[in-house]
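Asker: Mind looking at a prediction? Sequence and model below.
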Amino acid sequence: MSQPSKSSNPAEPQEVPPGFVSEAVDPLAIETIERLAVAQVDALVVVEPGSAELTRAVAGIDRLGERDFVATAAMSGRLLDRRFRSIDGLLGAKAPMARQLADLRKAAAQIDPAKLKLGSKRSPEDEMREFDRYFERFARAQPRLQEILDELNEGRLLLEQDNATIVQEAGSLGTEIETLRQYAYLAERLDQLLTSRIEAIAESDPTRAHALKVDVLAVVRRRRQEILTQLAITTQGFAALRIVEENNAEVIRAVASAISTTTAAMRTAVMTAQAAASQRMTLGHLQAARLAARTMADQAAALEAGVTGPARGAAVLEEAWGEV
């Protein structure tokens with residue numbers, strides 16, 4: 001039996017209720033399928049019941065879409081196996097990527113600027129020493145941070161490769177689904193046309209009509225149901241693949257964000273902390289300098305007024321110098 005043609009650019013598969021597939025079939029293929037169904041029914045109703053020719057024709061109907069059944073099953077199996085390997089290798093709870101993300105969180109927590117002991121009654125010098133220790137910790141953490149980021153980037157590239165394969169094979173699966181739709185529509189039209197012709201023949205030849213109903217129509221209806229079942233299963237598998245593709249894309253975006261945004265935020269926090277430390281140190285020294293200047297001016301005014309003697313003047317100068 002002739003086969004429906006495969007569409008080179010299939011529409012995205014959608015779940016189709018049994019017995020109603022015409023709207024899901026490529027419109028360009030419907031006319032060809034219609035001619036094929038009419039020719040096939042015309043040939044079936046004139047063949048002698050029980051003849052070898054009828055047996056061969058019925059066997060052809062019983063194998064409608066057989067190659068596509070095998071192809072879609074094999075394709076779905078390959079994709080499922082690859083997905084399980086991908087989950088175990090990249091996205092599992094104990095997979096390298098999960099461990100790397102946990103390591104990144106731990107490394108980031110260790111150099112969190114919020115842990116700096118600042119304020120209260122600590123002097124600017126004490127705060128600068130605290131900052132120096134913090135920057136030393138950050139410098140020691142840099143090699144490990146870079147190692148984690150490189151590992152995450154490698155895992156992200158593997159996910160992107162996995163997604164590219166899914167997209168490619170999902171396209172092939174979509175083509176097979178379009179072919180199964182055409183077979184389902186062909187079986188539907190064979191059912192409808194045969195039923196009409198059998199009813200017409202029954203008026204003049206009830207025995208022949210009964211033979212066609214039992215030997216041919218029953219096979220057509222059984223094969224139609226099998227095609228619809230395979231179509232539903234394959235369409236659900238296609239939808240699951242699209243979900244996997246979208247989930248992979250979300251993970252890829254999240255990892256890319258961890259690599260870029262998170263690390264940039266950490267480094268920005270460190271630079272901000274360093275700038276704040278420098279500012280606090282500078283302001284502290286400026287305040288001390290202003291205080292020393294005022295003390296020197298006050299003591300100089302006292303000396304000029306003769307309030308103190310030479311010995312006291314020397315002591316005042318020593319005190320002022322100490323302030324400086």
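Answerer: That came in fine, so what should we check first?
Asker: Enumerate the positions of stretch 61-70 that are buried.
Answerer: Within stretch 61-70, the residues that count as buried by 16 or more other Cβ atoms under 10 Å are Ile61, Leu64, Gly65, Asp68, Phe69. The way it works is simple: take the backbone N, C-alpha and C, and place the C-beta from them, glycine included.
Asker: show me what contacts the residue nearest to the last one when sequence neighbours are not counted?
Answerer: With sequence-adjacent residues excluded and distances taken as Cβ to Cβ, 6 or more residues apart in numbering, Phe69 is closest to Gln230, at 5.5 Å. Gln230 sits next to Gly65, Asp68, Phe69, Thr72, Leu180 when contact means Cβ atoms under 8 Å, 6 or more residues apart in numbering.
Asker: Which of the helices or strands spans the third one?
Answerer: In this case it means Phe69. helix 66-86 (DSSP states H and E).
Asker: Which other helices and strands does the helix or strand following that helix contact?
Answerer: Using DSSP H and E, the helix or strand that follows helix 66-86 towards the C-terminus is helix 96-110. In terms of contacts (3 or more Cβ pairs under 8 Å, 6 or more residues apart in numbering; DSSP states H and E), helix 96-110 is packed against helix 124-202.
Asker: Let's see that with 10 Å instead.
Answerer: The elements that helix 96-110 packs onto, with contact taken as 3 or more Cβ pairs under 10 Å, 6 or more residues apart in numbering; DSSP states H and E, are helix 124-202, helix 218-257, helix 263-304.
Asker: Now tabulate these in TSV and tack on distance to Asp103 and mean pLDDT.
Answerer: Output for the helices and strands packed on helix 96-110, formatted as TSV (distance: least, Cβ to Cβ, whole Å; pLDDT from 0 to 100):
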stretch	distance to Asp103	mean pLDDT
helix 124-202	5	84
helix 218-257	13	86
helix 263-304	13	61
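Asker: Just put those in JSON lines and tack on distance to Arg99.
Answerer: Shown next, in JSON lines, are the helices and strands packed on helix 96-110 (distance: least, Cβ to Cβ, whole Å):
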{"stretch": "helix 124-202", "distance to Arg99": "9"}
{"stretch": "helix 218-257", "distance to Arg99": "13"}
{"stretch": "helix 263-304", "distance to Arg99": "18"}
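Asker: Thanks a lot, catch you later.
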